[in-house]
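Asker: coordinates only, sequence not included:
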């Protein structure tokens, strides 16, 4: 691993939970926290202060070092009954938060902060200043009027960085990101809909042609998690529409038969292999019939996937899965998760299957979108066809929020998976932290060595690694431990982490699909396709509360 940043810590008052918090932050981005000694700035890259006064913070803040201070002393109830936090447009804030007004219900008491000459207010709630940047002479420091988050035993950082409770942790994460030197992926996004297939020009409320036009008009991409069992028939015009709009529409994989929680209920390894292999072989047939490339990313039905199933998916050729943080934790209750779970570009299941996070597509999910953007996570709001029952305005509104941050790379799931990595440069060496099994990287100018880090490997474990460029044959490293690899500046490099005991899905014996599973899927699809018709026919309430028939269009 690259040399971590060294951060001096100073405690003027007692903060009993600070030790747990620092340990948790260290699991998020490795750093070396050491006691700060006044005047000795040569041994630290930054300074973190707890419980100090404004005067003490400016006295300690040394010239040239990044400094963050949580102000101590008497606290007062916030003056505003509203949960709204107003953030300034300052370049000192992360770009995705600048100029936003977002709810945070977790701020109840604050220390008194008053701006002085040269101060820049970064966040406020009502009349209370929560975060300001102060500069006096050679001293610069961010001053926080809130207490830092308190981590309970067995708690996780994400509990303090989610919709409705995020601001107290934001300054710390932003500070650590700046100090660590790690560069996160660019802003990437894509809407996702579970279940649709290519058997007709629409699926329930989703009309593919209208959606493609709307995506081009507003600049977004939509991926459809399709059930491999549905691939027996392809509507030619629909396949052609997808081919012509590959920058706007794409497919990934949604289970195999789409039975209830099928990736969690399969009990033995033979059945797991048969399930994964059958899904892939069905998808290959669908690709041949449609002329489309389908991302080897698994959207688990009902968000359910176990460690054992994840290992089989990995070994049979899936590059990643896409499941919400809540679902993977709920479906694997006996797992000891890192305290930073939910804040990374991906988590890992089984023997190291990357799990890309997603969250529910709904009105009011803007905060989730912005938090994901800040964390370097792909922004993937997911829903079903009913989410656009009222039209496509919701997608346009959410797209507008995201596109207002800056350049957004709207991508299919294969591209999202292969861009899921972080980098840190140390002179001529580029450290690459993989959050996917296969990544595409352009080597910066002046870099001639790569060190690849795979966070799913622990305790010195090693796995195979292959690298190739457009102009060279693949180079294999059967047991790679992170040592430097020679490379050329400006080269486009493909890096693949080879899973142990890979399985060729074509060598696996398949089981006959139960008739009940086929019938269940057919009934579910019929329900989805007929729902718009039934909704139009369903009686609606008039203004006086009586039922009246809805118009038939």
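Answerer: Thanks, I have the structure now. Just so we're clear, the structure is a prediction, and the values are computed from it rather than from any experiment.
Asker: Just the mean pLDDT for stretch 391-398, thanks.
Answerer: Mean pLDDT, computed over stretch 391-398, is 97.
Asker: just how off-centre is that stretch within its chain?
Answerer: 21 Å (C-alpha atoms, centre = their mean, to the nearest Å).
Asker: can you give me the strands in the stretch 451-553 of the chain?
Answerer: Here the stretch 451-553 of the chain has its strands, by DSSP state E, counting those that start in this stretch, at 463-469, 475-480, 485-486, 492-498, 540-541, 547-548.
Asker: Would you mind saying which of these lies nearest residue 156?
Answerer: strand 492-498 (26.0 Å; C-beta to C-beta). In this view, the C-beta of every residue, glycine as well, is placed from N, C-alpha and C.
Asker: Ok, which of the strands of the stretch 451-553 of the chain comes nearest residue 386?
Answerer: By C-beta to C-beta (comparing all of the strands of the stretch 451-553 of the chain), the closest turns out to be strand 540-541, at 16.9 Å.
Asker: Give me the secondary structure label for residue 86.
Answerer: For residue 86, the assignment made with DSSP: H, G, I helix; E, B strand; the rest coil gives strand.
Asker: Rebuild the strands of the stretch 451-553 of the chain as a markdown table, extending it with distance to residue 141 and mean pLDDT.
Answerer: Converted to a markdown table, the strands of the stretch 451-553 of the chain look like this (distance: least, C-beta to C-beta, whole Å; pLDDT from 0 to 100):
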| stretch | distance to residue 141 | mean pLDDT |
| --- | --- | --- |
| strand 463-469 | 43 | 92 |
| strand 475-480 | 42 | 91 |
| strand 485-486 | 40 | 94 |
| strand 492-498 | 40 | 94 |
| strand 540-541 | 59 | 62 |
| strand 547-548 | 64 | 49 |
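Asker: And those strands: which comes nearest residue 455?
Answerer: Comparing these by C-beta to C-beta, strand 492-498 comes nearest, at 10.8 Å.
Asker: Mind listing residues that contact that closest one?
Answerer: 352, 432, 434, 437-443, 450, 452, 454, 463-470, 476, 487 (C-beta atoms under 8 Å, 6 or more residues apart in numbering).
Asker: mind redoing it with 7 Å?
Answerer: Residues outside strand 492-498 that contact it (C-beta atoms under 7 Å, 6 or more residues apart in numbering) are 432, 434, 437-443, 452, 454, 463-470, 487.
Asker: about what we covered before: let's have the strands of the stretch 451-553 of the chain in CSV, adding mean neighbour count.
Answerer: Converted to CSV, these look like this (neighbours: other C-beta atoms under 10 Å):
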stretch, mean neighbour count
strand 463-469, 17
strand 475-480, 13
strand 485-486, 14
strand 492-498, 18
strand 540-541, 10
strand 547-548, 10
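Asker: how deep is residue 483 tucked in, by neighbour count?
Answerer: Other residues near residue 483 number 9, with proximity taken as other C-beta atoms under 10 Å.
Asker: Next, it: phi, psi?
Answerer: phi -70, psi 160 (degrees, to the nearest 10).
Asker: Need the nearest residue in space to it, chain neighbours excluded.
Answerer: residue 451 (7.1 Å; C-beta to C-beta, 6 or more residues apart in numbering).
Asker: give me every residue that touches that neighbour.
Answerer: Here residue 451 is in contact with 429, 431, 482, 484 (criterion: C-beta under 7 Å, 6+ apart).
Asker: Kindly provide the distance from it to residue 487.
Answerer: Counting by C-beta to C-beta, to the nearest Å, the gap from residue 451 to residue 487 is 10 Å.
Asker: What is the burial count for residue 526?
Answerer: For residue 526, the count of nearby residues is 10 (other C-beta under 10 Å).
Asker: Tell me how far stretch 312-329 lies from the chain's centre.
Answerer: Worked out by C-alpha atoms, centre = their mean, stretch 312-329 lies 13 Å from the chain centre.
Asker: Can you give me the buried ones in that stretch?
Answerer: Of all the residues in stretch 312-329, those buried under the rule 16 or more other C-beta atoms under 10 Å are 312-325, 327-329.
Asker: so residue 144 sits right up against residue 129, yeah?
Answerer: No. Judged on C-beta atoms under 7 Å, residue 144 makes no contact with residue 129 at a distance of 10.0 Å.
Asker: quick one: which of the two has more around it?
Answerer: Between residue 144 and residue 129, counting by other C-beta under 10 Å, residue 144 is the more crowded of the two (28 against 20).
Asker: The spatially most central residue of the chain and residue 359, how far apart?
Answerer: Closest residue to the average C-alpha location of the chain: residue 377 at 2.9 Å, with C-alpha atoms, centre = their mean. Distance from residue 377 to residue 359, counting by C-beta to C-beta: 10 Å.
Asker: ok, now residue 170?
Answerer: 18 Å.
Asker: coming back round to it: looks to me like the residue nearest to the centre of the chain is in a helix.
Answerer: No. Checked against three-state DSSP, residue 377 lies outside a helix; its state is coil.
Asker: check contacts around it.
Answerer: Counted by C-beta under 7 Å, 6+ apart, residue 377 has contacts 345, 357.
Asker: so what pLDDT did it get?
Answerer: 97.
Asker: go on, the one 10 residues further on?
Answerer: Here the pLDDT value assigned to residue 387 is 97.
Asker: Could you do residue 511 as well?
Answerer: 87.
Asker: For it, grab the count of nearby residues.
Answerer: Counted with other C-beta under 10 Å, residue 511 comes out at 12.
Asker: swap in residue 502?
Answerer: 11.
Asker: Distance of it relative to residue 285?
Answerer: 22 Å.
Asker: which stretches of the stretch 401-550 of the chain aren't confidently modelled?
Answerer: 540-550 (pLDDT under 70).
Asker: just the helices in it please.
Answerer: All helices of the stretch 401-550 of the chain, identified by DSSP state H, counting those that start in this stretch, fall at 413-418, 515-537.
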